[in-house]
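Participant: got a structure for you, letters missing:
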DNA sequence: CTTACAAGTTGAAGCCACTTGAGGTTCAAG
DNA sequence: CTTGAACCTCAAGTGGCTTCAACTTGTAAG
């Protein structure tokens, strides 16, 4: 009678029933009580734990990192500074990815802009932009979609 | 006698022999000629194609996107604008990820800073920061590592 | 020539974090 | 009572490789 069904828990934590069953399978969530008809029933503590887990995942922590963080929540005596260390290590990763992604965005934007400006006249048969991806040196975009001179 | 061995090709394109065999298996790279002893031998065109592929992957394009881009290189008659479209769609994805990642970085930085400033006195048994991850509302960090008042 | 060892070969399995599918049971509304 | 949504289990699929096991080939030193 009481408690949330798996779909309700999923809705409350913005995830899916499948994911919840998966977390149970890998031991990240406890096995809940079952109703008469064998359906899982969850309580408020499950909502809290799963919210914690999803929050951590949304923060980009791996399942194992989340597992550690969650265990720190249980064992309060040594939690805060350890959590800080995990988070800080993760922050370094995130910042590295951020730098990479910024460089990537710039490169692609340049690529698109080159296509727009230099190939705007129509699809030439000698577009050099794609060639740039095949060679190792810095790009030389002069001559993209060049007139059939050669 | 002539041509690169798989390890040499790997080195030149900054990848691994395993990855090269994998690309061959999924049909992204052609099956190369074999030497007497059954070892693969590659030429300059293979270096160029694999460089293209790795470049595209480093740009965050999926294998299938790279496959399409590579086929556009072959069929020059309609390449440039199609490549532009793929790149532009991808650019939108990258920018979305970039926004997400920026928000993420800020969140974690705030988390770490809160740990530093509010838990600096030592690991209190009632740290509230970890609780923040378990509830759905906005964080209230007053009382982190609070004195054993209650 | 032998010995050793690096680098190559194959096919299959493992990784992460889920998602999807098949095939069945249970629940709640009309 | 019937319908259809939501639940159940177990297995396999996803992407993009990496790793493993067990073997063969190539190469340099002694």
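Facilitator: Arrived safely, thanks for sending. Please read these numbers as outputs of a predicted model, since none were measured by experiment. Numbers count the residues shown, from 1 in each chain, chains lettered A, B, ... in the order given.
Participant: only C-alpha atoms for contact and neighbour calcs from this point on.
Facilitator: Noted.
Participant: before we move on, could you check phi and psi at residue A:62?
Facilitator: phi -70, psi 170 (degrees, to the nearest 10).
Participant: Now for it, how many residues are close by?
Facilitator: 13 (other C-alpha atoms under 10 Å in any protein chain shown).
Participant: Contact partners for residue A:5?
Facilitator: Residue A:5 makes contact with A:39-42, according to C-alpha atoms under 8 Å, 6 or more residues apart in numbering or on different chains.
Participant: What pLDDT is listed against it?
Facilitator: Looking at residue A:5, its pLDDT is 97.
Participant: try residue A:60
Facilitator: On the pLDDT scale, residue A:60 gets 78.
Participant: contacting residues for the residue nearest the centre of chain A?
Facilitator: Central residue check for chain A by C-alpha atoms, centre = their mean: the C-alpha nearest the mean position is that of residue A:60, 5.9 Å away. Residue A:60 makes contact with residue B:104, according to C-alpha under 8 Å, 6+ apart.
Participant: cool, residue A:21 as well?
Facilitator: With C-alpha under 8 Å, 6+ apart, residue A:21 has no contacts at all.
Participant: following the helix or strand it falls within, which helix or strand shows up next?
Facilitator: Residue A:21 is part of helix A:17-25 when elements are defined by DSSP states H and E. Proceeding N to C from helix A:17-25, the next assigned helix or strand is strand A:33-34, under DSSP H and E.
Participant: quick check, that next one touching DNA strand C?
Facilitator: No - judged by C-alpha under 7 Å from any atom of the strand, strand A:33-34 stays clear of DNA strand C, getting no closer than 9.3 Å.
Participant: and the helix holding residue A:21, average pLDDT?
Facilitator: For helix A:17-25, mean pLDDT rounds to 97.
Participant: in a helix, that's where residue A:85 is, yeah?
Facilitator: Yes - per DSSP: H, G, I helix; E, B strand; the rest coil, residue A:85 lies within a helix segment.
Participant: Please report the distance of it from DNA strand D.
Facilitator: With the distance defined as C-alpha to the nearest atom of the strand, to the nearest Å, residue A:85 ends up 25 Å from DNA strand D.
Participant: what's the distance between that residue and DNA strand C?
Facilitator: With C-alpha to the nearest atom of the strand as the criterion, residue A:85 and DNA strand C are 18 Å apart.
Participant: Please apply the same query to residue A:100.
Facilitator: Applying C-alpha to the nearest atom of the strand, the value for residue A:100 to DNA strand C is 20 Å.
Participant: Quick one: name the residues of chain A near DNA strand C.
Facilitator: Checking chain A against DNA strand C by C-alpha under 7 Å from any atom of the strand, the hits are A:15-16, A:18-19, A:22, A:35-39, A:57, A:61-64.
Participant: does the residue nearest to residue A:84 when sequence neighbours are not counted count as helix, strand or coil?
Facilitator: Once flanking residues are discounted, residue A:84 sits nearest to residue B:112: 5.6 Å by C-alpha to C-alpha, 6 or more residues apart in numbering or on different chains. Under three-state DSSP, residue B:112 falls in the helix class.
Participant: Read off the pLDDT value for residue A:141.
Facilitator: Per-residue pLDDT puts residue A:141 at 41.
Participant: who's in contact with the residue nearest to residue A:84?
Facilitator: By C-alpha under 8 Å, 6+ apart, the residues touching residue B:112 are A:84, A:87-88.
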